[in-house]
Every structure is written in structure tokens, then in C-alpha cells.
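*Asks:* fold the following for me, if possible:
(chains A and B)
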Amino acid sequence: MTFTPISPSSATPAAPAAPGATSGLGQRPDAQGRFGAFGGKYVPETLMPALAELEAAFYQYRDEAAFQQELQGLLRDYVGRPSPLYFAERLTQHYARPDGTGAQIYLKREDLNHTGAHKINNALAQVLLAKRMGKQRIIAETGAGQHGVATATVCARFGLNCVIYMGVHDMERQSLNVFRMRLMGAEVRPVEAGTGTLKDATSEAIRDWVTNVETTHYILGSVAGPHPYPMMVRDFHAVIGQETRSQAQEKWNGLPDILLACVGGGSNAMGLFHEFVQDATVRMIGIEAGGEGVESEKHAATLTRGRVGVLHGAMSYLLQDQDGQVVEPHSISAGLDYPGVGPEHSFLKDAGRVEYYSITDQQALDAFQRLSRLEGIIPALETAHAIAYLETLCPQLQGDPRIVINCSGRGDKDVQTVAKFLDVAG
Amino acid sequence: MDALRDRGQCALIPFITAGDPDLATTAKALQILDRSGADLIELGVPYSDPLADGPIIQAAATRALQQGTRLETVLEMLKEVSPSLKAPIILFTYYNPILNRGAAAFFKDIAAAGAKGIVIPDLPLEEVAQIMPAAQAAGIEIILLVAPTTPAERIEAIATQSQGFIYLVSVTGVTGMRTEVESRVQELLTTLHGLSDQAIGVGFGISQPSQARQVREWGADAVIVGSAFVKRLAEGSPEQGLQAIENFCRSLKAAIVD
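*Replies:* Prediction:
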């Protein structure tokens, strides 16, 4: 699809005054890769020239017609974009007031993309960049395996060597995705350090990149890491929000009232939010993994409970102890099981533009089943965190606002994990 | 460093991880290295996510943290032992623990414990300016790193800012033992000497006396050896480990003195 952005002024007229001001939310990041105080490049010197090269390539190709033509063609014919904006009728009814009024709930169906999640938007665009930079070897980290699968997929498509780092704990709970990656010819390297989850896999991917930087491109899978990754990954996922604007315009001739997305590193949320940051009437909510509860020590609610720190190349909120050692996080969802968060989320939190809350493992499991039974859509456990927040949100709302939830991935990969926790009656 | 260089000598800088196997052993190790030929000693503060380190130093840091080693206890140990050492102590630490404590307090505290300098592997030139004044106020020298991938104009900028010496990373890669030193280190040393008057220490991947000698012949003013010490110290009992690093330190020193 050729997407024509619609200017905010042509959207819903007479927008009410915004609770969240949008002044000071201009061009981000700055030339140093800073989102306010957050972001930057905290990496070994060996990588600094590679980051500069990547940034230059991104700026060069981002606006180049041939690159865009190739990318747009593949997003359409290979990924299957645009993804639908689906009205979730029975979910809406479930949350309706007794008189039938209430929030109108829509799902942005990123789960319908090829490979089953939003991750392919970024993996595809980065592999096109890598090809143009002459890199023949691709590495990536993965937690839930969705980014690993997306990367393995595009490497198969372009005939590139592919190595995926994955924590041993995640390999066990997302074994289906391990098989898919290997099927497509990727080498999956187990990472045993720490808790064997996304943080450890990311550290190992960075070590590989430090070692092989001259031949290798690192397809980082979230809006995290050193500049230019948070900006670049955001921009490659911005298509989610751009399509949403256009589809909302078509469907109800207006803007969404509320955007809702889960946040681990935060790529699907930034992909949806970015387009609307300047639209003051659009309320944005990010949902973190509360694990066994944010009062317990077993959670991954970085923005809710973290303090400012540096991890994997960026300054952002971070789960850390009193000595500045990074704390091992916990979530039932491998994709949210990360002690850091993308720096732009930290900025948007401190600026008061986006609200962040957390959802426990149990609430996510309940939502996982609820969406399955009400809509016939099995969401990823990550996505289920965003769905679960409807329980809290809907009773607080006035009128019938339109909510768009980023249905960031499908849950096939999670059925084994969920089966362990549930006794699904036949 | 400058005094050694003026005499045409190459300095030896061993690295060990604080708290592996325990801080009492670390204190003894510092004293042994000091009397076995170390000209400076790099002391690694264990960190949960050591991005620039290979498996040996990662594992040492993990063990040290599991032992309950904290920055606080490392500094207490250092305060006790540093007055008895001839060799200046340089700390090697990642940036987050500095940020967490606040740069001003951090540098003041490590200076009070007797540290003279610091290497921060995840704080490149662009980010170092924010902590430079605090380090200077405390009299701590910040040693910056140059990598094989660093372009010439950037080397110049780093050389201008680096204090004490310039740390030349000899490999594209993380710390660890390697069978050979990349021959391009020779070129890099020549380039660096052409661009700066500062002393140059070469580290990452140097694990044998023959490699240390090679690097010295190529023009290094100091040789930094880490994983090979950490590995030896961790093998067997603490006493065996201490004996092993003493022998190793002497053999390295013998290889680089005339």
C-alpha cells in the first residue's frame, strides 16, 4: 500500500484541550542520540565507528527512492502489510456497560504479519540496510524468539549467514521458535549466563558484534541499545501507527482516543505511538510485565520500579540494586523479561506524555484466555499484557472512546507455556 | 608511566578481578604482583553485565558477586592495602555503578581508597565529558581506549583527552586469551606514536611472555595482561593461585625488561 500520511489538522475537529501537553516533544533524538537525558552510546570503543557507519547508512537510504521501493514492496507482498485494524466486537461487548455503551475496542493486527509479530518490520528493513552496507553476516538477540524468527526469515530470504543468541531458559519456553529459526537455516547459540534470558542474550550478541564488527551487522530487535538503534528501530516500526491513522480515518473519520501496547524493550509500543505523539487528544498507555507483582522481586516493570541507569549501550530506566548491579527480571512472557527499556519510553514517561502501568503474570494469562474465547484470536503472552489492562481501564472510562490495542504478536509460540499454568477444560 | 618510558622501559600492568575467589586473596594478590614486577595494577570491579569481557573475566565477576563482593567492600580492602603498594592502582569498572553512586562521590571515594586512575570500557569519548570534571576534582586519571577500528581523526581526539596513558585494545573483540597478537597492532602503535606523545599500553588478548615481548618490540610503553592472570588465580586453592600468578608475573616481567 502506498500510505499517505494525514495531517493531524485534518483529523477530528474541535479537539478538546489535552491533559498531556505535547510542547517540548519535537524532533527526537538529538544529534548525540539523546531523548532528553536518555539514550546515547555507552559501548566499547570498538563499536563506535560501526555505529557511525550505521547511522550514516540509515540517513542515506531512509529517504532513497530505490530503498523505499524495495522495502515497501516487500512489506506488502512478503510481510502482508497493511495489517488490518480489526473491530473486536465481542471484546467490546464484554466491557460494555449494562446500557450497551462503552469503549470501542480495536486490534491492530500485527499478529497477522508473516512470522506472526510486528518484529519483521524492523528485521526486514535492517537486512536491506545490511545488504547495502556490504555485510554478509547477521547476528541478533531474541527473547520470545519472535525477533529471532523474523531475523532468520529475512536472512533466508536474502541468503545471509545468521546467528541468533538466545538464553537457555527462553530456548526451553519458546522451543517452537527455536525450531523455526533452525528450519530457516539460522544458527541458534544458547546463552547460559545470568538467568538465560533476553538480557544475557543481548550481552552476548553485543560481544559477538565487538568481535566481528567489520563483517557483521547486528539487527537489534528493540528500540533499545546505543544510538542509532532506538531511533532506527522506531522509524522502521512507525508504519504501525501510520497505518492506524489512515485506517481510523477511513473507519470513523477521526483519531483513536486511546492507544494501548505492551512494553518490554518497547518496539511495538513505539511503532504505534510515534505517529501520534504530537496529537494531544490521543492518550497513550504502555503496559509492563509485573511478573508476580511489582511489590515482589520477581517482575520486569522497569518504568514502574526502575531507576536511571545504563544497560546495553543506552541510558534509560533500569532495574538495578543499590550498587548499580543489574537485577535479574522475571516475567512469564519471554519478550518482556528484560530489566531495561528503550530510552524514548523513559523520555515519554518523564515528559508525562505516555502512562505506564504493569500487569501480573496471572492477569496476562487470564487475558490470553479471554481474547482466545471471545475473539478466536490467541495473542502472544506479551500482547496479553496489553489486553489485560482493559480490565482496569474500561471501568474508568467515560463515554465510548475508541481504543486501539497493538495486537503485536500471535500466541502459537506460547501454548506450551500456558498449558503448564492452565487446566483448560475440554 | 612517563618515568619508565623515559628510561626506555616497558611497563607491566596485570589485571585481576576483585573478590575472586575472595577479597582477602585479592589483597594478597595485589601485594604479590607489586613485588613481582608489576608497574601498575588494574583492579576489576565485578559487574553484572560485563559487555567488553570474554568468558574468563565474566565468570570471575559472577563468582565475585556471588561471594557478596560489593564496590563498598572492594574499596575497604583497597584502602587497607594500597599504602603498602609501590604500583599505582587503576580501577576497571563499567559505567553504571559510577552513575549509580554519582560521579562526584564515586571518584572521591575511590581516590580516598588509593586508586589513581580508571578505565571505563563502556564510556567512549562522546560520553566521557560528563564525568571528567568530577574525576579531575578527585585527582583520578581517566584512561581512554583506542580500538583497531578507530579512525585516525578519532584517535587524535581520544589521545588529547586520555590521561595517564592511552589504552590500545589489540583486538576487535572482548578480553580473553588468544594464541597470537594481530600483526596490525604494530601498525596501530606506529600510527598512535605519530599522533600523540602519550604513553601507550596494549591490552586485550595478551596472555604469554612471548606476546608481551612482541608488543614491546612493536613499541608499546606498557603491556596489560588480564584473563591469563584471572585464570591462574582461580585455579586450585587460593595459595596455589597466588603462587601461580607470582611465577607468571615474573616471567612476563623477564620477557619485557632488557
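*Asks:* alpha carbons only for contacts and neighbour counts from here, please
*Replies:* Will do.
*Asks:* okay, now the unreliable bits of the stretch 1-150 of chain A?
*Replies:* A:1-23 (pLDDT under 70).
*Asks:* so where do the helices sit in it?
*Replies:* A:48-62, A:65-74, A:89-94, A:120-132, A:146-158 (DSSP state H, counting those that start in this stretch).
*Asks:* ditto for the stretch 151-258 of chain B
*Replies:* All helices of the stretch 151-258 of chain B, identified by DSSP H, counting those that start in this stretch, fall at B:152-161, B:184-195, B:209-217, B:227-234, B:238-256.
*Asks:* from residue A:404, how far off is residue A:225?
*Replies:* Here residue A:225 is placed at a distance of 27 Å from residue A:404 (Cα to Cα, to the nearest Å).
*Asks:* ignore what I typed, I meant residue B:253.
*Replies:* 67 Å.
*Asks:* the two: who's more crowded?
*Replies:* The residue with more neighbours, out of residue B:253 and residue A:404, is residue A:404; 26 against 23, by other Cα atoms under 10 Å in any protein chain shown.
*Asks:* check contacts around residue 210.
*Replies:* Picked chain A for this. For residue A:210, the contact set (Cα atoms under 8 Å, 6 or more residues apart in numbering or on different chains) comprises A:44, A:46, A:47, B:52, B:172, B:173, B:174.
*Asks:* think we crossed wires, I meant chain B
*Replies:* residue B:255.
*Asks:* can you pull the residues of chain B lying near chain A?
*Replies:* For chain B, the residues found near chain A under the criterion Cα under 8 Å from any Cα of the partner chain are B:47-54, B:70-71, B:95-101, B:121-124, B:126-127, B:145-151, B:171-174.
*Asks:* deepest of the helices of the stretch 151-258 of chain B, which one?
*Replies:* Of all the helices of the stretch 151-258 of chain B, helix B:227-234 carries the top mean neighbour count, a mean of 22, counting by mean count of other Cα atoms under 10 Å in any protein chain shown.
*Asks:* whichever residue of chain B sits closest to chain A: neighbour count?
*Replies:* As assessed by Cα to the nearest Cα, chain A sits closest to residue B:173 within chain B, at 3.7 Å. Close neighbours of residue B:173, defined as other Cα under 10 Å, add up to 25.
*Asks:* so what's residue B:91 bridging to?
*Replies:* On the basis of DSSP bridges, residue B:91 is bridged to residue B:43, residue B:118.
*Asks:* that one is in contact with residue B:117, isn't it?
*Replies:* Yes - the criterion here is Cα atoms under 8 Å, and residue B:91 meets it with residue B:117 at 6.4 Å.
*Asks:* what about the longest strand in chain A?
*Replies:* Criterion DSSP state E: the longest strand present in chain A is strand A:283-291.
*Asks:* same for that strand, what does it pack against?
*Replies:* strand A:258-262, helix A:302-305, strand A:354-360, helix A:361-375, helix A:381-388 (3 or more Cα pairs under 8 Å, 6 or more residues apart in numbering or on different chains; DSSP states H and E).
*Asks:* mean confidence score for it?
*Replies:* Across strand A:283-291, the average pLDDT comes to 98.
*Asks:* may I have that strand as CSV, with CA atoms only?
*Replies:* Extracted C-alpha coordinates of strand A:283-291, given in CSV (Å, rounded to 0.1, in the frame of the first residue of the first chain):
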residue,chain,number,x,y,z
ARG,A,283,-4.0,9.1,25.3
MET,A,284,-1.2,6.5,25.2
ILE,A,285,-0.7,3.7,27.7
GLY,A,286,2.2,1.3,27.9
ILE,A,287,2.0,-1.9,29.9
GLU,A,288,5.0,-3.6,31.5
ALA,A,289,5.3,-7.1,32.9
GLY,A,290,4.5,-7.1,36.6
GLY,A,291,5.5,-10.7,37.0
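*Asks:* chain center to it: distance?
*Replies:* Chain-centre distance of strand A:283-291: 12 Å, with Cα atoms, centre = their mean, to the nearest Å.
*Asks:* tell me how far the residue in chain B sticking out farthest from the centre lies from residue B:197.
*Replies:* Distance from the C-alpha centroid of chain B, by Cα atoms, centre = their mean, peaks at residue B:153 (24.8 Å). Taking Cα to Cα as the measure, residue B:153 falls 15 Å from residue B:197.
*Asks:* which parts of the stretch 151-300 of chain A sit against chain B?
*Replies:* Within the stretch 151-300 of chain A, the positions adjacent to chain B are A:200, A:203, A:204, A:206, A:207, A:208, A:210, A:211, A:212, A:213 by Cα under 8 Å from any Cα.
*Asks:* so what's residue B:244 up against?
*Replies:* The contact partners of residue B:244, by Cα under 8 Å, 6+ apart, come to B:232, B:233.
*Asks:* one more pass at 6 Å, please.
*Replies:* Residues near residue B:244 by Cα atoms under 6 Å, 6 or more residues apart in numbering or on different chains: residue B:232.
*Asks:* just give the nearest non-adjacent residue to residue B:180, would you?
*Replies:* Spatial nearest neighbour of residue B:180, chain neighbours left out: residue B:211 (7.2 Å); criterion: Cα to Cα, 6 or more residues apart in numbering or on different chains.
*Asks:* now do that neighbour, the pLDDT please.
*Replies:* You'll see residue B:211 listed with a pLDDT of 96.
*Asks:* distance of the residue of chain B closest to chain A relative to residue A:207?
*Replies:* Distance of residue B:173 to residue A:207, given as Cα to Cα: 7 Å.
*Asks:* again with residue A:341
*Replies:* The span separating residue A:341 from residue A:207 equals 20 Å under the rule Cα to Cα.
*Asks:* and residue A:388, by the same measure?
*Replies:* In this view, residue A:388 and residue A:207 are 36 Å apart by Cα to Cα.
*Asks:* low-confidence ranges in chain B?
*Replies:* Checking chain B against pLDDT under 70 turns up B:1-7.
*Asks:* residue farthest from the centroid of chain A?
*Replies:* Within chain A, residue A:99 marks the point farthest from the mean C-alpha position, 35.9 Å out by Cα atoms, centre = their mean.
*Asks:* quick one, strands of chain B?
*Replies:* B:11-17, B:41-44, B:89-92, B:115-119, B:141-143, B:145-146, B:166-169, B:200-203, B:222-225.
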